[in-house]
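Visitor: coordinates for the following, if possible.
(one chain, ligands or ions: 2)
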Amino acid sequence: MSELEITVLPALSDNYFYLLKDTATGTTAVVDPPVVDDVLEQLGADGKLDLIIATHHHGDHTAGIEALKAKTGARVIGPAAEADKIPAIDEQLAEGDSVSVGEATARVFETPGHTAGHMSLYFEDSKALFCADTLFALGCGRLFEGTPAQMWDSLSKFSDLPDDTRVYCGHEYTLSNAQFAVTVDPENEELEQRLAQIEELRANDQPTIPSTLGEERRTNPFLRAADPAIRAHLGMESASDAEVFGEIRHRKDNA
Ligand code: ZN
Ligand code: FE
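Guide: Numbering: from 1, shown residues only. Ligands and ions are numbered 1, 2, ... in the order given. A predicted model of the protein is given here:
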């Protein structure tokens with residue numbers, strides 16, 4: 001059992017990427033680096049980086065990969081399903097594969113929807129889920145390359161993970177997500193409280209990341225397609241969960 005030290009790094013206008021360090025071995029990894037210099041600075045004097053992990057091919061998560069690999073010799077790993085679009089990829093991953101960062105091990109989930117080959121990583125011992133643009137705090141990724149049913153299926157893969165799993169997502173979209181969430185789940189008191197907390201954090205320029213899966217299950221409408229109050233609010237009592245999810249996604253796209 002090995003717990004990772006996780007550093008949340010902001011980049012570009014609203015991206016997050018993550019530096020992982022297995023303290024037992026000193027092994028370091030970076031998830032979705034859009035930039036180079038900030039990573040090198042974080043690595044400190046020895047500049048050692050072992051692994052670069054890409055969740056999906058979008059440039060705002062991959063722009064730093066090639067230069068970082070060139071500077072550090074780190075191995076690049078990413079989803080097999082879009083390996084042709086991940087710069088300088090060395091190793092391809094698929095559903096059920098595992099990834100080691102020193103003694104810390106993650107399980108790979110294929111989570112298509114935002115992109116056709118998006119993957120997420122779950123480190124059980126660290127209770128950490130890296131889900132990039134699949135699940136956001138109070139939101140989910142836009143469906144650029146997938147269907148609502150596919151994305152619903154992807155999000156459902158997280159349903160067995162514990163409530164205290166920390167959710168490390170790809171963007172600081174939480175405030176606008178929260179403002180939308182209250183329009184589809186207006187009776188949810190915990191959501192209302194969360195919106196107030198988020199407003200305060202953002203007013204003070206603080207990150208809202210990570211949240212926990214438990215909070216998301218109780219307040220994120222994109223995980224709550226089965227909720228009777230949301231279904232009633234949408235007039236979709238007899239629809240499938242995927243259809244309710246699709247309607248919520250559609251409303252957010254047009255909000
Ligand atoms: Zn993306
Ligand atoms: Fe993104």
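Visitor: got the residue ranges for the helices in the stretch 151-255 of the chain?
Guide: For the stretch 151-255 of the chain, applying DSSP state H, counting those that start in this stretch gives helices covering 174-184, 189-203, 213-219, 228-234, 241-253.
Visitor: report how many residues lie close to V8.
Guide: 12 (other CB atoms under 10 Å). Placement of C-beta: from N, CA and C, glycine included.
Visitor: please apply the same query to the one 5 residues further on.
Guide: A count of neighbours around S13, defined by other CB under 10 Å, yields 8.
Visitor: in the helix or strand bottoming out on mean pLDDT in the chain, which residues are buried?
Guide: Ranking every helix and strand in the chain by mean pLDDT, DSSP states H and E puts helix 37-43 at the bottom, with a mean of 95. Buried residues in helix 37-43, counting neighbours by 16 or more other CB atoms under 10 Å, are found at 38-40, 43.
Visitor: nearest to K21, out of the helices of the stretch 151-255 of the chain?
Guide: helix 213-219 (22.8 Å; CB to CB).
Visitor: give the buried residues for the closest one.
Guide: 213, 215-216, 218-219.
Visitor: closest one of these to ligand 2?
Guide: Among those, E216 lies closest to ligand 2 (CB to the ion), at 18.0 Å.
Visitor: just give the number of residues close to the residue of the stretch 151-255 of the chain found nearest ligand 1.
Guide: For the stretch 151-255 of the chain, the residue closest to ligand 1 is G170, as judged by CB to the ion, at 6.4 Å. A count of nearby residues for G170, using other CB under 10 Å, gives 29.
Visitor: skip the chain neighbours and tell me the closest residue to it.
Guide: A132 (3.9 Å; CB to CB, 6 or more residues apart in numbering).
Visitor: for that neighbour, give me its contacts.
Guide: A132 is in contact with 31-32, 55-56, 61, 114, 118, 120, 141, 169-170, counting by CB atoms under 8 Å, 6 or more residues apart in numbering.
Visitor: mind doing that once more with 6 Å?
Guide: 32, 55, 170 (CB atoms under 6 Å, 6 or more residues apart in numbering).
Visitor: tell me the pLDDT at it?
Guide: pLDDT, A132: 98.
Visitor: now R107
Guide: Reported pLDDT for R107: 98.
Visitor: which parts of the stretch 1-150 of the chain sit against ligand 1?
Guide: 58, 133 (CB under 5 Å from the ion).
Visitor: show me the strands in the stretch 1-150 of the chain, by range?
Guide: Here the stretch 1-150 of the chain has its strands, by DSSP state E, counting those that start in this stretch, at 4-11, 15-22, 27-31, 51-53, 75-79, 91-93, 98-101, 104-110, 119-123, 128-132, 135-136, 139-140.
Visitor: in this protein, where is pLDDT below threshold?
Guide: Applying pLDDT under 70 to the chain flags the ranges 1.
Visitor: which of the buried residues of helix 37-43 sits closest to L201?
Guide: Closest to L201, out of all of these and judged by CB to CB, is D38, at 21.5 Å.
Visitor: can you tell me how far the closest residue to G117 other than its chain neighbours sits from ligand 1?
Guide: Among residues not flanking G117 along the chain, A81 sits closest, at 2.8 Å (CB to CB, 6+ apart). Using CB to the ion, to the nearest Å, one obtains 14 Å as the distance from A81 to ligand 1.
Visitor: quick revisit: in CSV, list the helices of the stretch 151-255 of the chain along with distance to S2.
Guide: Formatted as CSV, the helices of the stretch 151-255 of the chain follow (distance: least, CB to CB, whole Å):
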stretch, distance to S2
helix 174-184, 29
helix 189-203, 30
helix 213-219, 21
helix 228-234, 39
helix 241-253, 35
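Visitor: ligand 2 is nearest to which of those helices?
Guide: Using CB to the ion, the nearest of the helices of the stretch 151-255 of the chain to ligand 2 is helix 174-184, at 13.8 Å.
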